[in-house]
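> have a look at this prediction, sequence included:
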Amino acid sequence: KEKFGGEGRVSPYRLAAHLSMAFILYTALFNTAIGLSTAHKVANMSPSARLYAQALIDKVPASLRIGSVGLASLVGLTAFSGAFVAGNHAGMIYDEFPTMGGKLLPDDIVNPFLEPKWRNIFEHDTMVQWNHRVLAMTTLGAVTSMYLASLRLPLPSNARVASHLMMAMSTVQVSLGISTLLLHVPVPLASAHQMGSLTLLTLSLWFAHTLRPLAPVSVATAATTAAAATSGRTSAALLLAAGGASAATKFFGESGQRAQSANDDEKEPERA
């Protein structure tokens, strides 16, 4: 900026690559963490509870399970397009919704001076904003369809909670995006919009994870869990018994001492 003058800008390609790598790393960490947490919970579930949970998941259609993964990918793609909006400052034009210049498809959506033409997708601010709008509304429609489909199914409780939160967050995220555009991109609102994209991605990943079949529990793991539970109950019983015995010993010991003292007092006059 100091060398060339004017406003300093970051390459939209580098900005999108940076954001994408951060989201990919976050997705990997989140999936690993929730996978380990679920495996631990399943290993400690009773056989009847495990069978009930698996029966509910088995009723989930394969289309919904595959669609949940596609939905999470769509959320990530929409966030990726948002990086190009920020990098090209595309939010500073067409501060209206749902139209752009009074039309759904603006007249200057293609810049004739950009060669090759595919560069318009990533470098022309009008097309960049239009792409993000279309992806955002497509994501909202996909989340709504997924939510309505899930209402007709007997999902596990965690999947039900995830679907409710995902539907609510998608509505909030679209509202944040439209507000950011209409108010000429205030930084606090734009930052909240970016945080909302990560929150929505998290909820979509969680929803997809809740629909996955439960990992099988090995016989050794089940035996270990049962043995640990039995050992815990036995230890509790032994501690209770030991505590009772200690209390009895203490009580009877004190009573015995009092009885012995009384006997000694009675024997003193006889000796006298």
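Perfect, I can see it now. Numbering: from 1, shown residues only.
> please, where are all the helices along the chain?
For the chain, the helices defined by DSSP state H cover 12-43, 47-58, 62-87, 119-123, 125-151, 157-182, 187-210, 219-271.
> reformat these as TSV; add distance to Pro112, mean neighbour count and mean pLDDT.
For the C-beta atoms, the positions are set from N, CA and C on the backbone; glycine is no exception. Converted to TSV, these look like this (distance: least, Cβ to Cβ, whole Å; neighbours: other Cβ atoms under 10 Å; pLDDT from 0 to 100):
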stretch	distance to Pro112	mean neighbour count	mean pLDDT
helix 12-43	20	14	94
helix 47-58	53	13	86
helix 62-87	20	19	95
helix 119-123	9	16	95
helix 125-151	12	18	96
helix 157-182	25	19	96
helix 187-210	30	19	96
helix 219-271	65	10	49
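> contacts for stretch 185-200, please.
Here stretch 185-200 makes contact (Cβ atoms under 8 Å, 6 or more residues apart in numbering) with 23, 26, 75, 78-79, 82, 86, 91-92, 166, 169-170, 172-173, 176-177, 179-180, 183.
> again, only using 7 Å
Contacting residues not belonging to stretch 185-200 are listed as 75, 79, 82, 91-92, 169-170, 172-173, 176-177, 179-180, 183 [Cβ atoms under 7 Å, 6 or more residues apart in numbering].
> do stretch 86-105 as well
10-12, 15-16, 85, 106-107, 123, 125-126, 128-130, 178, 180-182, 184-185.
> try 6 Å
Stretch 86-105 is contacted from outside by Pro12, Leu15, Val85, Pro106, Asp125, Val128, Gln129, Ile178, Leu181, Leu182, His184, Val185, using Cβ atoms under 6 Å, 6 or more residues apart in numbering.
> just the CA trace of it, in PDB.
In PDB, the C-alpha atoms belonging to stretch 86-105 read as follows (Å, rounded to 0.1, in the frame of the first residue of the first chain):
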ATOM      1  CA  ALA A  86     -14.700 -10.300   0.700                       C
ATOM      2  CA  GLY A  87     -11.600 -10.400  -1.500                       C
ATOM      3  CA  ASN A  88     -13.200  -8.500  -4.400                       C
ATOM      4  CA  HIS A  89     -15.100  -6.100  -2.100                       C
ATOM      5  CA  ALA A  90     -18.200  -7.300  -3.900                       C
ATOM      6  CA  GLY A  91     -20.400  -6.500  -0.900                       C
ATOM      7  CA  MET A  92     -20.000  -2.800  -1.600                       C
ATOM      8  CA  ILE A  93     -22.100  -2.900  -4.800                       C
ATOM      9  CA  TYR A  94     -25.800  -3.600  -5.400                       C
ATOM     10  CA  ASP A  95     -26.900  -3.000  -1.800                       C
ATOM     11  CA  GLU A  96     -30.400  -4.300  -2.400                       C
ATOM     12  CA  PHE A  97     -32.200  -7.600  -2.100                       C
ATOM     13  CA  PRO A  98     -33.400  -9.800  -3.800                       C
ATOM     14  CA  THR A  99     -32.700  -7.900  -7.000                       C
ATOM     15  CA  MET A 100     -29.500  -6.400  -8.400                       C
ATOM     16  CA  GLY A 101     -30.100  -3.200 -10.200                       C
ATOM     17  CA  GLY A 102     -33.800  -4.000 -10.300                       C
ATOM     18  CA  LYS A 103     -33.300  -7.300 -12.000                       C
ATOM     19  CA  LEU A 104     -32.600 -10.900 -10.700                       C
ATOM     20  CA  LEU A 105     -29.900 -11.200 -13.300                       C
END
